[in-house]
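Q: The following comprises the amino acid sequence and a computationally predicted model.
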Amino acid sequence: MREVAIIGIGMIRFGELWEKSLRDMCVEASLNCFKDAGTDRVDSITVGCMSSGLFTGQEHLSSLVPDYLGKINTPASRVESACASGGLAVRTAFLEVASGISDYALAVGVEKMTDVSVNEATYALATASDRDYEAFHGITFPGLYAMLAKAHMDRYGTTREQLAEVAVKNHANGVLNPYAQFPFPVTRETVMNSTMIADPLRLLDCSPITDGAAAVLLTTETEAKRLKKNPVVGITGIGMGTDTIALSQRKDILRLDAIDHAVRRALKMAGKKIGDIDFAEVHDCFTIAEILVVETMGIVDQGKGGPATIDGLTALTGKFPVNPSGGLKAKGHPVGASGVAQICEAVEQLRGNAGKRQIDNARSGITQNMGGSGGSCVCHVLEVK
Amino acid sequence: MNVPKHWRESPQRYRMEAGKCRKCERIFFPGRLVCPECGHTGFDMVKLSGKGKLHTFTVIRTAPSGFTDFAPYAVGIVELDEGIRILGQITDCDPDSLQTGDRLTSKFRRMNDEGKTGMIMYSYKFVPDNGI
Ligand SMILES: [Zn+2]
């Protein structure tokens, strides 16, 4: 297996991009990625997208993307793992390069979510749950995570203030990110007084509905060093895990086994422990999700995610910064793009290019991207080479 | 959702039929073809009691398409006396008065109208025993 490095990253600013189509977003992010890499050589393309069919009526992205990118005849695939589709695209591109099938592999994550109404978007997202035994009963994603929040509050005494602080922290980071959909600060009071969506989760506990795309170009470490365009950042560990699609079927609903497996596999492959890592970009689709994830990853003990957030452990200047980009919460959550955007942020940090949100001496980072209520999870460990 | 799709799920939705692994005796709802615990592929059909207690719940205020007329409504995960958990709506109660641990019993109820065909969907929902 060959060592893999990231030589290019490309984002577009996330938001309600009424003037941009699905294809335009993919192409813009990819062109930004080529510019950053200093090359547009591509041997394969992997598109991560959750539901272009329900959101826009367009499938067959394995033809659409190479076509509009001016790369006709390039082998391409579209991968789907709900909100982890972007992470899965990066994993697939990694495998292309590591295996020797491709020397240059492009991963593009995309979602065009604002062409449909909020209720239709909520319906489309709910298809990532068990369609016949969860969504059928009128549960939504905020609803599933709300039940996790309620269970976490019942078991560990997690408070409304602690949940709100996740949003406060991530918005504070998002202010410093030029690609963020919501680059404004929020207070605990604003979060706790925002509209109730699914008790106890309120509007500002939820990541938004977002249009966006992100792209990364991978090649071998040897090739990346030869190109000398950017400081070389390697992907030294990849991990994926899966769990029951329905939340109710897990033996302990607060144990996110897919995340546990994905994190452990990625760290093992990189030969590291979580304590060796300098920062994390995690899947904070809801405030409670970040608390559950930092606990499962072992950044804090089980049940301590809330207090640790209040204590500033996961803040930009804390001992273990989590979501320096602003996370899904402030940066926006175009579901298929989020996993790729996490990699873009990690690379910015490891190159030392993250500007005002730069973490001091960042040498290694981990990304964690999950689908549904934790039915699938993809992790990557990135290191300066 | 077309007619066969709904008809296919009717044993589960109308009668709460589950599968019990012949080897390890674990119960699964809905039934499965392979036991995730022991790998066995033989199952017996068992009917669930529909009685249990509320494990966790929420009140949906922003509803998906097909449910907007019903919001706010409660949805919970119910731990049945058989030891398995099922997600379902909790009805015939004031959602704000629900508590974790409340005893519930399943009832056969109307869900909603399927958007395109207008077909009326039915399923189990849970009702608190103390009749809040
Ligand atoms: Zn069995």
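A: Now that the structure is in, tell me what you want to look at.

Q: how deep is residue B:116 tucked in, by neighbour count?
A: 8 (other C-beta atoms under 10 Å in any protein chain shown). Every C-beta, even on glycine, is put in place using the N, C-alpha and C of the backbone.

Q: Relative to the ion, how far out is it?
A: 39 Å (C-beta to the ion, to the nearest Å).

Q: just checking, what packs against the helix or strand containing residue B:110?
A: Using DSSP states H and E, residue B:110 falls within strand B:103-113. When contacts are defined as 3 or more C-beta pairs under 8 Å, 6 or more residues apart in numbering or on different chains; DSSP states H and E, strand B:103-113 packs onto strand B:51-60, strand B:85-90, strand B:120-128.

Q: Okay, residue A:25 and residue A:226: tell me how far apart.
A: Using C-beta to C-beta, to the nearest Å, one obtains 31 Å as the distance from residue A:25 to residue A:226.

Q: of those two, who's got more company?
A: Neighbours around residue A:25 and residue A:226, counted as other C-beta under 10 Å, are more numerous at residue A:25. The numbers are 23 against 10.

Q: so what pLDDT did the nearest residue to residue A:278 once chain neighbours are set aside get?
A: Among residues not flanking residue A:278 along the chain, residue A:362 sits closest, at 4.7 Å (C-beta to C-beta, 6 or more residues apart in numbering or on different chains). For residue A:362, the pLDDT comes out at 98.

Q: wait, doesn't residue A:362 sit right on residue A:277?
A: No. When contacts are counted by C-beta atoms under 8 Å, residue A:362 is not listed as touching residue A:277 (9.7 Å).

Q: How about the contacts made by residue A:89?
A: Residue A:89 makes contacts with A:46, A:47, A:48, A:79, A:107, A:108, A:109, A:336, A:339, A:340, as judged by C-beta atoms under 8 Å, 6 or more residues apart in numbering or on different chains.

Q: which element is it on?
A: Using DSSP H and E, residue A:89 falls within helix A:85-99.

Q: So for that helix, what gets flagged as buried?
A: Applying a neighbour-count criterion of 16 or more other C-beta atoms under 10 Å in any protein chain shown, one finds A:85-98 buried in helix A:85-99.

Q: OK, now which residue of chain B is nearest to chain A?
A: Here chain B gets closest to chain A at one residue, residue B:58, 3.7 Å apart by C-beta to the nearest C-beta.

Q: Name the residues of the stretch 201-350 of chain A found near chain B, please.
A: Contact residues (C-beta under 8 Å from any C-beta of the partner chain) of the stretch 201-350 of chain A with chain B: A:201, A:244, A:246, A:247, A:248, A:249, A:253.

Q: Looking at these, which one is closest to chain B?
A: Of these, the one sitting nearest to chain B (C-beta to the nearest C-beta) turns out to be residue A:248, at 4.3 Å.

Q: what number of residues lie near residue 4?
A: In the absence of a named chain, this looks at chain A. Residue A:4: 22 neighbours (other C-beta under 10 Å).

Q: ah, no, chain B please
A: Neighbour number of residue B:4 under other C-beta under 10 Å is 8.

Q: contacting residues for residue A:234?
A: Per C-beta under 8 Å, 6+ apart, neighbours of residue A:234: A:3, A:4, A:5, A:6, A:221, A:224, A:382, A:383, A:384, A:385.

Q: In chain B, what helix or strand scores lowest on average pLDDT?
A: None of the helices or strands of chain B scores lower by mean pLDDT, DSSP states H and E than helix B:3-8, at a mean of 83.

Q: Now find how far off-centre that helix is within its chain.
A: What separates the centre of helix B:3-8 from the centre of its chain is 17 Å, taken as C-alpha atoms, centre = their mean, to the nearest Å.

Q: Give me the buried stretch members for that helix, please.
A: Buried, per 16+ other C-beta under 10 Å, within helix B:3-8: residue B:6.

Q: just for chain B, where's the confidence low?
A: Scanning chain B for pLDDT under 70 picks out B:1, B:131-132.

Q: okay, now the domains of it?
A: Chain B breaks down by automatic domain parsing into domains covering B:1-48, B:49-132.

Q: Check the secondary structure at the residue in the stretch 1-150 of chain A that the ion sits nearest to for me.
A: When distances are taken as C-beta to the ion, the stretch 1-150 of chain A reaches nearest to the ion at residue A:133, 19.6 Å away. At residue A:133 the chain is in coil, as set by DSSP: H, G, I helix; E, B strand; the rest coil.

Q: Could you find the closest non-adjacent residue to it?
A: residue A:246 (5.6 Å).

Q: tell me the contacts of that neighbour?
A: Applying C-beta under 8 Å, 6+ apart, one finds that residue A:246 lies in contact with A:129, A:130, A:133, A:134, B:87.

Q: hang on, the earlier thing: let me have the residues of the stretch 201-350 of chain A next to chain B in CSV, extended by pLDDT.
A: Listed next are these as CSV, based on pLDDT from 0 to 100:
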residue, pLDDT
A:201, 98
A:244, 98
A:246, 98
A:247, 98
A:248, 97
A:249, 96
A:253, 97
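
Q: Which of the residues you listed sits closest to the ion?
A: residue A:249 (14.2 Å).

Q: tell me the phi and psi of the closest one?
A: Dihedral pair for residue A:249: phi -80, psi -10, per degrees, to the nearest 10.

Q: now do the one 3 residues further on
A: As for residue A:252, its main-chain torsions (degrees, to the nearest 10) stand at phi -130, psi 110.

Q: residues near it, how many?
A: 9.

Q: same thing with residue A:9?
A: There are 26 residues near residue A:9, going by other C-beta under 10 Å.

Q: Ok, the one 10 residues further on next?
A: By other C-beta under 10 Å, the residues close to residue A:19 number 7.

Q: I'd like the distance between it and residue A:115.
A: Distance from residue A:19 to residue A:115, counting by C-beta to C-beta: 12 Å.

Q: I figured residue A:127 was touching residue A:134, is that so?
A: No. Contact criterion C-beta under 8 Å: residue A:127 and residue A:134 do not qualify, at 10.0 Å.

Q: who's more crowded, these two?
A: residue A:134 (28 against 17).

Q: pretty sure the more buried one is in contact with residue A:244, am I right?
A: No. Checked against C-beta under 8 Å, the pair residue A:134 and residue A:244 is beyond contact range at 10.8 Å.

Q: still on that earlier bit, buried subset of the contacts of residue A:234?
A: Using 16+ other C-beta under 10 Å, the buried members of these are A:4, A:5, A:6, A:221, A:224, A:382, A:383, A:384.

Q: between those, which is closest to residue A:272?
A: When the buried ones among the contacts of residue A:234 are ranked by distance to residue A:272 (C-beta to C-beta), residue A:383 comes first, at 8.5 Å.
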